[in-house]
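Undergrad: Take this sequence and fold it.
(chains A and B)
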There are 2 protein chains.
Amino acid sequence: MPDVSDQSIATPGKPAVVLLSGGLDSATILAIANAQGYVCHALSFDYGQRHRAEIAAAAKVAEQLGVASHRWINIDLRSLGGSALTDAIDVPKDRHEEAMTHGIPVTYVPARNTIFLSYALAVAEVIHSTDLFIGVNAVDYSGYPDCRGEYIRAFETMSNLATKAGVEGQHLNVHTPLIDLPKTGIIEQGLKLGVDYSLTHSCYDPIDDGKPCAHCDACLLRIRAFEKVGQRDPAMVRWYGDKPL
Amino acid sequence: MPDVSDQSIATPGKPAVVLLSGGLDSATILAIANAQGYVCHALSFDYGQRHRAEIAAAAKVAEQLGVASHRWINIDLRSLGGSALTDAIDVPKDRHEEAMTHGIPVTYVPARNTIFLSYALAVAEVIHSTDLFIGVNAVDYSGYPDCRGEYIRAFETMSNLATKAGVEGQHLNVHTPLIDLPKTGIIEQGLKLGVDYSLTHSCYDPIDDGKPCAHCDACLLRIRAFEKVGQRDPAMVRWYGDKPL
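TA: Reported below is the predicted structural model:
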């Protein structure tokens, strides 16, 4: 498993734009980018997602880990339609891992990562940053086309042709420190870096007050991964205490 | 000059997403896409641009030329800052063409075309379209990195890796029928296809009620191009009548 200390260390004080959803993965990349010496500018989106508890979580995670700024962008993906995360399509529950990782899931939001990265690119241009961080992961989300390394590399190539910085000879980098890690590896890195995972929110279909459902793909992936590293998921402990899920 | 009749004709009824700003170029690409047999779904943005008269123009152009649908997306580029089109930076006036086409202009909006095309990609996924049209032009806007052919090709490559359609073996195409045309060529094509250019709005810094200033780069480019094809710019005639500009 790659370790943070193995990764190239940024020039101290170099600004980076970090996409922060408030989930487990994005909290971990913020901790990694901070540990690498970047001055992190977090960027979060309100896109009419069902799991609006993410929004509160992003603010808490940014506060816990520390950011130089935190921008919020309202975007209306709901009006575009086409996903269980924004439409009235049922979120699948209690699936086995094999079912989760085959085909493109109904929770896929059309062009979501492309839209998010495009905004991150705009912020990067404005704050004179050449480093974007996104918590995509090809292991657990192999069904999402826009979580794969080849997609990210193509976005990076496009970015360098799209922007002032790229044209003027700087190189824009899209960092994906989690891309090849299993969920257990992500959690282990984050725990080492002091991420408080009880603050993070991953659930696709939370109950009323933001309580994770403990049955959708996103909940099950993290519950199982925490079990494998010998812990109960701190977010589940926060909401359910010792009760069985 | 390439002619519309030389271009590959689409399967009748094939849906396309057309980025429609309400300017001269985007009106022309809508006419071209219609002429090629696409069923056009227009997509426009309200991004806090100074030239809000564009917004009214887009609606009028869509009505004149005909579209299957017209989506509006509110996006907040203003909060990102960094451009004379959204910030309190002076729009340059009365420049010679050489000055317009050297370097990256202050009217460049960070990552704008990337954000616009990303939304177009999302709409394309939702309506099962594999064809996007954008009115970029490398001749008159050589200073904008995201108006160049190599940028568009990189966006297309990325799109095919980002989306369900791409992964499932369809090919997403980003059409740029104006990319190598001088403004005069664009106008000649549009006139042949019946575009009413008096409805279009290009001005970066319009007066009160939406009247074009007749002095910014965008106004001057079209005024001069119409002169070269032997006409007065119909939009200037509409607003100024026979008065000198």
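
Undergrad: For chain A, identify the residue most remote from the centre.
TA: A:Glu168 (29.7 Å; CA atoms, centre = their mean).

Undergrad: residues touching that one, list them.
TA: By CB atoms under 8 Å, 6 or more residues apart in numbering or on different chains, no residues touch A:Glu168. Where C-beta positions appear, they are placed from N, C-alpha and C, glycine not excepted.

Undergrad: Phi and psi next, for it.
TA: When read as degrees, to the nearest 10, the backbone of A:Glu168 gives phi -90, psi 10.

Undergrad: in which helix or strand would I find the most centrally placed residue in chain A?
TA: What sits nearest the mean C-alpha location of chain A, by CA atoms, centre = their mean, is A:Ser26, with 3.4 Å. Element membership for A:Ser26 (DSSP states H and E) is helix A:24-35.

Undergrad: What is that helix packed up against?
TA: Contact here means 3 or more CB pairs under 8 Å, 6 or more residues apart in numbering or on different chains; DSSP states H and E; on that basis helix A:24-35 packs against strand A:15-19, strand A:39-46, helix A:53-65, strand A:131-133, helix A:183-192.

Undergrad: a markdown table for the ones you listed, including mean pLDDT and mean neighbour count?
TA: Converted to a markdown table, those look like this (pLDDT from 0 to 100; neighbours: other CB atoms under 10 Å in any protein chain shown):
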| stretch | mean pLDDT | mean neighbour count |
| --- | --- | --- |
| strand A:15-19 | 97 | 25 |
| strand A:39-46 | 93 | 23 |
| helix A:53-65 | 92 | 20 |
| strand A:131-133 | 98 | 24 |
| helix A:183-192 | 97 | 20 |
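
Undergrad: Now that we have those, can you turn them into TSV and tack on distance to A:Val139?
TA: Listed next are the helices and strands packed on helix A:24-35 as TSV, based on distance: least, CB to CB, whole Å:
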stretch	distance to A:Val139
strand A:15-19	18
strand A:39-46	24
helix A:53-65	21
strand A:131-133	18
helix A:183-192	7
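
Undergrad: So which of the ones you listed is nearest B:Leu121?
TA: Taking CB to CB, strand A:39-46 is the member of the helices and strands packed on helix A:24-35 nearest to B:Leu121, at 16.3 Å.

Undergrad: residues making contact with the closest one?
TA: A:13-22, A:30, A:33-34, A:52, A:55, A:58-59, A:62, A:66-75, A:116, A:119-120, A:123, A:127, A:129, A:133.

Undergrad: Stretch A:57-68 now?
TA: A:15, A:18, A:20-23, A:26-27, A:30-31, A:34, A:39-42, A:44, A:70, A:194-196, A:199-201.

Undergrad: name the helices or strands packed onto the longest helix seen in chain A?
TA: Identified as the longest helix of chain A according to DSSP state H is helix A:112-127. Taking 3+ CB pairs under 8 Å, 6+ apart as contact, the helices and strands that helix A:112-127 lies on are strand A:15-19, strand A:39-46, strand A:131-133, helix A:149-162, helix A:164-167, helix B:112-127, helix B:149-162.

Undergrad: try 6 Å
TA: With contacts taken as 3 or more CB pairs under 6 Å, 6 or more residues apart in numbering or on different chains; DSSP states H and E, helix A:112-127 sits against strand A:15-19, strand A:39-46, helix B:112-127.

Undergrad: Switch these over to a markdown table; also include distance to B:Glu156.
TA: As requested, the helices and strands packed on helix A:112-127 are exported to a markdown table (distance: least, CB to CB, whole Å):
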| stretch | distance to B:Glu156 |
| --- | --- |
| strand A:15-19 | 23 |
| strand A:39-46 | 25 |
| helix B:112-127 | 9 |
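
Undergrad: Select, out of the ones you listed, the one closest to B:Thr163.
TA: Nearest of the helices and strands packed on helix A:112-127 (CB to CB): helix B:112-127, 5.5 Å.

Undergrad: can you give me the angle the closest one makes with strand B:39-46?
TA: Calculated by axes from the mean of the first three to the mean of the last three CA atoms, to 10 degrees, helix B:112-127 forms an angle of 140 degrees with strand B:39-46.

Undergrad: tell me the angle of helix B:112-127 relative to helix A:149-162?
TA: Helix B:112-127 and helix A:149-162 are oriented at 140 degrees to each other (the same axes, to 10 degrees).

Undergrad: and stretch A:231-239, which residues are buried?
TA: A:233-236, A:239 (16 or more other CB atoms under 10 Å in any protein chain shown).

Undergrad: Output these in CSV, with pLDDT and secondary structure appended to each entry.
TA: Output for those, formatted as CSV (pLDDT from 0 to 100; DSSP: H, G, I helix; E, B strand; the rest coil):
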residue, pLDDT, secondary structure
A:Asp233, 96, coil
A:Pro234, 97, helix
A:Ala235, 95, helix
A:Met236, 96, helix
A:Trp239, 92, helix
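
Undergrad: Can you select the buried ones among the contacts of strand A:39-46 for me in PyMOL?
TA: Entered in PyMOL, the line below selects the buried ones among the contacts of strand A:39-46, by 16+ other CB under 10 Å:
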select buried, chain A and resi 15+16+17+18+19+20+21+22+30+33+34+55+58+59+62+67+70+71+73+75+116+119+120+123+127+129+133
